[in-house]
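K.L.:
Got a sequence here, can you model it:
(chains A and B)
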Number of protein chains: 2
Amino acid sequence: MKFIAEINVMPHKALLDPQGKAVEHSMPNIGLSTVTSVRIGKHITMELEASNENDAKEKAEIACKKLLANLIMESYDFTVSEVK
Amino acid sequence: MKFIAEINVMPHKALLDPQGKAVEHSMPNIGLSTVTSVRIGKHITMELEASNENDAKEKAEIACKKLLANLIMESYDFTVSEVK
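P.N.:
Here you go, the predicted structure:
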């Protein structure tokens, strides 16, 4: 069975996010002065073969832990859905 | 009213995504040889003040079009939800 994993990797809330701050400070220039707390991370989509949904979740978890997220600085969450 | 916007900015499907390809080629090294079609984009969260949900969506749309996404190379989607 084929699954699609949608993964978000975000900087920890306790850490500074300079990229997000830069974007936040630019918002008034495009007329959006009420925007705050901008944080920027990565969005990753991938397809994977797995025997069932739990297996797919396990594989996505491994990919996040070992490769996609730096757990010192980032946290991740993901959803997995079957491709029909 | 305060809203949170969750925005995904992804490279167009027709375009090469070298960062995604690099990750894809690394997957067999961590035991995940069935992973394909890895694509990597940005995930952005931000808080904004708006009078209602439609207003919040409009503001998120402006932020995407004018600042967050390069529409030549990227597409975006977002969800907006009220902070209670």
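K.L.:
What parts of chain A come near chain B?
P.N.:
Contact residues, chain A versus chain B (CB under 8 Å from any CB of the partner chain): A:8-10, A:20, A:23-24, A:26-27, A:30-32, A:34-50, A:59, A:62-63, A:66-68. The C-beta positions use only the backbone N, C-alpha and C, and glycine is treated the same way.
K.L.:
Can you get me the centre-to-centre distance for the strand ranked longest in chain A and its chain?
P.N.:
When chain A is parsed with DSSP state E, its longest strand is strand A:35-49. Between the centre of strand A:35-49 and the centre of its chain there are 3 Å (CA atoms, centre = their mean, to the nearest Å).
K.L.:
Run through the residues that contact the closest residue to A:E58 other than its chain neighbours.
P.N.:
Nearest residue to A:E58, sequence neighbours excluded (CB to CB, 6 or more residues apart in numbering or on different chains): A:A50, at 8.0 Å. In this structure, A:A50 makes contact with A:M1, A:F3, A:A56, A:E58, A:K59, B:T34, judged by CB atoms under 8 Å, 6 or more residues apart in numbering or on different chains.
K.L.:
all helices for chain A, in order.
P.N.:
Assigned by DSSP state H, chain A shows helices spanning A:18-26, A:53-63.
K.L.:
Would you check how far apart the most centrally placed residue in chain A and A:D77 are?
P.N.:
For chain A, the residue nearest the mean C-alpha position is A:N8 (1.2 Å; CA atoms, centre = their mean). For A:N8, the distance to A:D77 equals 6 Å [CB to CB, to the nearest Å].
K.L.:
show me where pLDDT drops low in chain A?
P.N.:
Chain A contains no residues with pLDDT under 70.
K.L.:
circling back: paired strands for the longest strand of chain A, with orientation please.
P.N.:
strand A:2-11 (antiparallel), strand B:35-49 (antiparallel) (DSSP bridges).
K.L.:
of all these, which lies closest to A:I72?
P.N.:
Of all those, strand A:2-11 sits nearest to A:I72, with 10.6 Å by CB to CB.
K.L.:
how far off helix A:53-63 does that closest one point, in degrees?
P.N.:
Calculated by axes from the mean of the first three to the mean of the last three CA atoms, to 10 degrees, strand A:2-11 forms an angle of 40 degrees with helix A:53-63.
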